[in-house]
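Visitor: structure for this input, please:
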Amino acid sequence: MSNTTTTATTPFGRSEGVLQVGGIPADRLAARVGSTPFFAYDRELITQRVSAVRTVLPGEIELSYAVKANPMPAVLHHMSGLVDGLDVASAGELRLALDTPIPTDRISFAGPGKTTLELTQAVAAGVTVELESGNELARVRELSELLGLRARVAVRVNPDFSVRGAGMRLGGGPQQFGIDAEQVPAILADVADADLDFQGFHVFAGSQNLHAESICEAQRATVDLVLQLADSAPSPVRYLNLGGGFGIPYAPRDTPLDLGAIGENLAKLLDTSIRSQLPEARVVIELGRYLVGEAGVYLTRVVDRKESRGKTFLVVDGGLHHQLAASGNFGQVIRRNYPIAVASRTGEATEEVVTVVGCLCTPLDLLGDKVTLPEARIGDLIAVFQAGAYGLTASPTAFLGHPAPPEVLV
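Guide: Below you'll find the model as predicted:
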């Protein structure tokens, strides 16, 4: 299933019909980069998005960036000046985070399957290890004793509820993520026995959610759950990560998230329960895709144009090896076209329905199916939007041996 229109709101403007990224015309930026395809991220759009979130969140809520969304070093360093903390999911991301000015006590390390080497690095660095199992707790305890350091830990909880409207569910039912809520009291007793530096809880039940009330409902349920679990905690809760899950629109029918409603809900939770019952807790909202997703664009050049039994194909020099999500192969149940446009020319050309495909020798390499675009010629630039999160690093870059694309922050 695919849509036949590309109409969708993107924050990128045009000047004389040419797409602008960071105030630079797309064709000039391509010349500056030196080759196509490439990813470009707009610094000012990232700054504006963080500011928009800060405006609606209560002032005492801390904002953390999920590095996995886009770990490009330049993006990460820019983001480190805008947010309060970073969340990493591997030793590689941890090294990048430690290179930023963010204090180590504001870096958290989440994710199942942390190796002993990764846990060693995390404990030695002094970041907060978010425990995902009893086995992980045992290894952290052993490493803490071996290194002579009181490891900072939090418990990632798999809640007993799920989130309606989430594009990907990370909580409720059986999960590889976190520790089942009913098992957490026993884990907390083990944390106390291990004499670790207990910080608090992380509950993240779902991602890519465009329904504000669903997010608010999950936040209310999360706070209720944590208040129950806090009774078993070995020390006062000093860290409460409510997760994020804020979604961005990928298709014309998607309605942008109502941030204001979420901010109001968080303010009410602070007033009615968190401040009084968890007075020492710093409350964290952790966002990745929402902060960077709409600030990125993937630019690829038309290398061939062909007709096949009444269907027009634009063949570009990029593809799913760089943009797996846009191709529809990143876990989507129903494929939908990402916003896509001809970037390098004015829109006065006659519109036509085309299918934009990549250069890989597989029918899965599909960037735009039956999309309406101005007539494009060989050499024109095609822009695939919503490319700032889960783009390059979420794609099979080694597939068929094509070179990795450059990334630029402008």
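
Visitor: tell me the secondary structure at residue 219.
Guide: helix (DSSP: H, G, I helix; E, B strand; the rest coil).

Visitor: show the subsequent helix or strand relative to the strand of greatest length in the chain.
Guide: Across the chain, the strand with the greatest residue count (assigned by DSSP state E) is strand 296-308. Proceeding N to C from strand 296-308, the next assigned helix or strand is strand 311-316, under DSSP states H and E.

Visitor: what's in contact with the helix or strand harbouring residue 265?
Guide: Element membership for residue 265 (DSSP H and E) is helix 259-269. Contacts to helix 259-269, defined as C-beta atoms under 8 Å, 6 or more residues apart in numbering, come from residues 52-53, 56-58, 61, 212-213, 215-216, 219-220, 223, 242, 246, 283, 285. All C-beta atoms are positioned from the backbone trio N, CA, C, and that covers glycine.

Visitor: hmm, back to that, how far off centre is the longest strand of the chain?
Guide: 26 Å (C-alpha atoms, centre = their mean, to the nearest Å).

Visitor: next: stretch 19-33.
Guide: Distance, centroid of stretch 19-33 to centroid of chain: 25 Å (C-alpha atoms, centre = their mean).

Visitor: how many neighbours does the closest residue to residue 399 other than its chain neighbours have?
Guide: Excluding the flanking residues, the one nearest residue 399 by C-beta to C-beta, 6 or more residues apart in numbering is residue 321, at 4.5 Å. Using other C-beta atoms under 10 Å, residue 321 has 25 other residues around it.

Visitor: okay, residue 321: pLDDT?
Guide: Listed pLDDT for residue 321 reads 96.

Visitor: helix, strand, or coil at it?
Guide: Applying three-state DSSP: residue 321 is coil.

Visitor: how about residue 58?
Guide: Residue 58, by the three-state scheme (three-state DSSP), is coil.

Visitor: quick check on it: phi, psi?
Guide: phi -50, psi 140 (degrees, to the nearest 10).

Visitor: equivalent analysis for residue 214, please.
Guide: When quoted as degrees, to the nearest 10, the phi and psi of residue 214 stand at phi -60, psi -40.

Visitor: neighbours of it, how many?
Guide: Quick note: residue 214 (other C-beta under 10 Å) scores 18 neighbours.

Visitor: could you do residue 283 as well?
Guide: Neighbour tally, residue 283, other C-beta under 10 Å: 21.

Visitor: ok, now residue 191?
Guide: Neighbours of residue 191 (other C-beta under 10 Å): 25.

Visitor: chain center to stretch 255-275, what's the gap?
Guide: Centre to centre, stretch against its chain (C-alpha atoms, centre = their mean), the figure for stretch 255-275 is 21 Å.

Visitor: ok, now stretch 310-330?
Guide: For stretch 310-330, the distance to the chain centre is 21 Å (C-alpha atoms, centre = their mean).

Visitor: what residues sit buried inside it?
Guide: 312, 314-329 (16 or more other C-beta atoms under 10 Å).

Visitor: so residue 203 touches residue 226, yeah?
Guide: Yes. Shown here, residue 203 and residue 226 form a contact pair, counting by C-beta atoms under 8 Å, at 6.7 Å.

Visitor: and for those two, which residues touch both?
Guide: What both residue 203 and residue 226 touch, as defined by C-beta under 8 Å, 6+ apart, is the set residue 157.

Visitor: of the contacts of helix 259-269, which belong to strands?
Guide: Per DSSP E, strands hold the following members of the contacts of helix 259-269: 283, 285.
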